[in-house]
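In: Sequence and predicted model, in that order:
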Amino acid sequence: MKDFNGSTAVYGIIGDPVEHSISPFMQTSAMEKMGFNGVYLPFHVLPEHLEKAIGGMKALNISGLNVTSPHKQNVIRYLDRISDAAEVIGAVNTIVNDSGALYGDNTDVYGYIQGVLKMGKTDVLPEIVCIFGAGGAARGVIYGCAMREEVRKIFIMNRTLSKAQIIADEFSRITGKHIMAFPSDDSKIRDIVPATGLVINTTTIGQLPDAGVSPVPDPSVFHKGQIVSDIITAPVKTKYLRDAEERGALTVNGLPMLAYQGARSLSIWTGMDAPEDYMLTIVRKHFDES
Ligand code: ATR
C-alpha cells in the first residue's frame with residue numbers, strides 16, 4: 001500500500017463505462033516504481049455530466065486525467081488549449097491541469113507508433129501502410145503514420161468508402177502524404193495488402209463477442225516481412241493476428257499501444273521518464289491472467 005499524504009498528486013481516467021480499465025492499476029504501479037507521490041483512480045462520468053466533471057477537475061485541483069470512450073471528442077470543448085495532434089485527430093485522451101489551465105493532448109498516436117517500432121525492433125516504419133477502418137481510432141493511427149518521414153503511401157480501406165475518402169482527402173492536405181481510400185472488399189484487399197509493409201486493423205471486426213471474424217477474409221495476402229497489427233485488446237490475439245502469424249508476418253497486438261499511451265501520459269504529467277517496458281509487462285500480465 002502506498003503512503004499517501006497531503007501532497008499526493010491525483011490523477012484518473014474518465015469514461016462510460018470505466019470499470020474495465022486497466023489504467024488505474026497500470027498507472028499507480030508505474031508511479032510507485034518511479035517513486036512518484038501520486039494516485040490514479042477510475043471516474044465513471046456519464047455524457048451528461050462531462051462538463052461538470054471537467055469543471056470539477058479544476059475545482060478539485062486534479063493534476064491530470066485520461067479520457068476514454070465516449071468522451072474523447074466531446075471533452076475538447078471544455079479545455080483551454082489542445083495539441084496540434086489532438087486538433088487534427090479530433091480526439092483528446094490526456095488532460096494536463098497546468099495551474100488551472102486545462103491542456104488536452106493525444107498520446108494514443110505515440111502509443112501506437114512506439115508499439116510497432118518496439119515490437120518490430122526497428123527505428124522506422126515500412127514505407128507503405130494499409131489501414132482498415134475510418135473511425136475515430138483510425139484517425140489517430142493514420143495521423144501517426146503520415147507524420148513519419150519514412151512513410152510514403154497510406155491506403156485506407158473501409159466498408160463505407162465515403163468515410164475513408166474524407167479522411168484521405170483531409171490528411172493528404174494536412175500532411176502532404178500520398179493517402180488513398182478504397183472499399184474493403186475482397187478483391188481490393190488482394191490487390192493492395194500483399195504490397196504493404198504494415199497492415200493495421202482499427203475496425204471492431206474480430207472483437208469479442210464476434211471473435212471468429214477478420215477484416216481480412218483471405219489470409220493468403222499476409223506474408224513474411226510484413227508487420228500486421230491490431231488495436232483490439234479483447235481478445236488479445238484476434239483471428240486476423242492468428243492468420244497473419246500463421247503466414248509468417250510479425251504481429252503486434254493491442255497491448256503495446258495500451259501500455260505506451262499510458263506511459264506517454266505519465267511522462268507528460270510528471271516530466272519524468274515513465275517505465276514503459278515495466279508498464280507493458282504489467283499490462284501483459286493482467287491480460288494473461290484475466
Ligand atoms: P472507433 O472510434 O473505435 O474507431 P468507430 O468510429 O465506430 O469506432 O469506427 C468503427 C470502424 O469499424 C469503422 O471504420 C467501421 O466501418 P464503417 O465506417 O463502414 O461503419 C468499421 N466496422 C465496424 N464493424 C464493421 C463490420 N461489421 N464490417 C466492416 N466494417 C466494420
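Out: Good, I have the coordinates.

In: Residue 14 against residue 64, yeah?
Out: No. The pair residue 14 / residue 64 is not scored as a contact, 11.2 Å apart, by Cβ atoms under 8 Å. C-beta coordinates here come from the backbone N, C-alpha and C atoms, glycine included.

In: Up against the ligand, what does the stretch 151-290 of the chain have?
Out: 158, 159, 160, 163, 202, 203, 204, 205 (Cβ under 6 Å from any ligand atom).

In: Just checking: what are the partner strands of the strand or helix carrying residue 39?
Out: Using DSSP states H and E, residue 39 maps to strand 38-44. Its sheet considered, strand 38-44 pairs with strand 9-15 (parallel) by DSSP bridges.

In: hmm, the partner strand touching the ligand?
Out: No. Between strand 9-15 and the ligand, judged by Cβ under 6 Å from any ligand atom, nothing touches; the nearest distance is 13.0 Å.

In: and after that strand, which helix or strand comes next?
Out: Next along the chain after strand 9-15, with elements defined by DSSP H and E, is helix 23-34.

In: Can you tell me which residue of the chain sits closest to the ligand?
Out: residue 135 (2.1 Å; Cβ to the nearest ligand atom).

In: these two touch, right, that residue and residue 203?
Out: Yes. Contact criterion Cβ under 8 Å: residue 135 and residue 203 qualify, at 7.3 Å.

In: Pick out whichever of these two has more residues nearby.
Out: Higher neighbour count among residue 135 and residue 203: residue 203, with 24 against 14, using other Cβ atoms under 10 Å.

In: Let me see the mean pLDDT of the strand holding residue 39.
Out: Averaged across strand 38-44, the pLDDT comes to 98.

In: Out of the residues of the stretch 151-290 of the chain next to the ligand, list just those in strands.
Out: Here DSSP state E is the test, and these give residue 158 as lying in strands.

In: quick one: contacts for the residue most central in space within the chain?
Out: By Cα atoms, centre = their mean, the chain has its centre lying nearest to residue 108, at 3.5 Å. Contact criterion Cβ atoms under 8 Å, 6 or more residues apart in numbering gives 91, 93, 137, 140, 257, 261 as the residues in contact with residue 108.

In: Spatially, what comes nearest to residue 177 if we skip its sequence neighbours?
Out: residue 146 (4.6 Å; Cβ to Cβ, 6 or more residues apart in numbering).

In: er, residue 212 actually
Out: Per Cβ to Cβ, 6+ apart, closest to residue 212 is residue 239, 6.3 Å.

In: Burial check on that neighbour, number of neighbours?
Out: Neighbours of residue 239 (other Cβ under 10 Å): 19.

In: dump the residue contacts of the closest residue to residue 207 other than its chain neighbours.
Out: Distance criterion Cβ to Cβ, 6+ apart; nearest residue to residue 207, sequence neighbours excluded, is residue 232 at 4.9 Å. Contact partners of residue 232, counting by Cβ under 8 Å, 6+ apart, are 201, 204, 206, 207, 238, 253, 254.

In: give the contact list for the residue lying closest to the third one once chain neighbours are set aside.
Out: By that I understand residue 206. Using Cβ to Cβ, 6+ apart and skipping the chain neighbours, the partner closest in space to residue 206 is residue 238 (4.0 Å). Going by Cβ under 8 Å, 6+ apart, residue 238 touches 201, 206, 207, 211, 214, 230, 232, 253.

In: let's see 7 Å
Out: Residues in contact with residue 238 (Cβ atoms under 7 Å, 6 or more residues apart in numbering) are 206, 211, 214, 230, 232.

In: Return the distance of residue 197 relative to residue 212.
Out: 28 Å (Cβ to Cβ, to the nearest Å).

In: Who has more neighbours out of these two?
Out: The neighbour count for residue 197 versus residue 212, taken as other Cβ under 10 Å, is higher for residue 197 (15 against 8).

In: Local confidence estimate at the more buried one?
Out: pLDDT, residue 197: 98.

In: For it, grab phi and psi.
Out: Backbone geometry at residue 197, expressed as degrees, to the nearest 10, gives phi -90, psi -30.

In: Contacts for the strand holding residue 39, please.
Out: 4, 8-14, 16-18, 21, 23-24, 27-28, 31, 53.

In: Alpha carbons of it, as PDB, please.
Out: C-alpha atoms of strand 38-44 as PDB (Å, rounded to 0.1, in the frame of the first residue of the first chain):
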ATOM      1  CA  GLY A  38       0.700  10.200  -7.000                       C
ATOM      2  CA  VAL A  39      -2.500   8.200  -7.200                       C
ATOM      3  CA  TYR A  40      -4.700   7.300 -10.200                       C
ATOM      4  CA  LEU A  41      -8.400   6.500  -9.900                       C
ATOM      5  CA  PRO A  42     -11.300   5.500 -12.200                       C
ATOM      6  CA  PHE A  43     -14.100   8.000 -12.500                       C
ATOM      7  CA  HIS A  44     -17.400   6.900 -14.100                       C
END
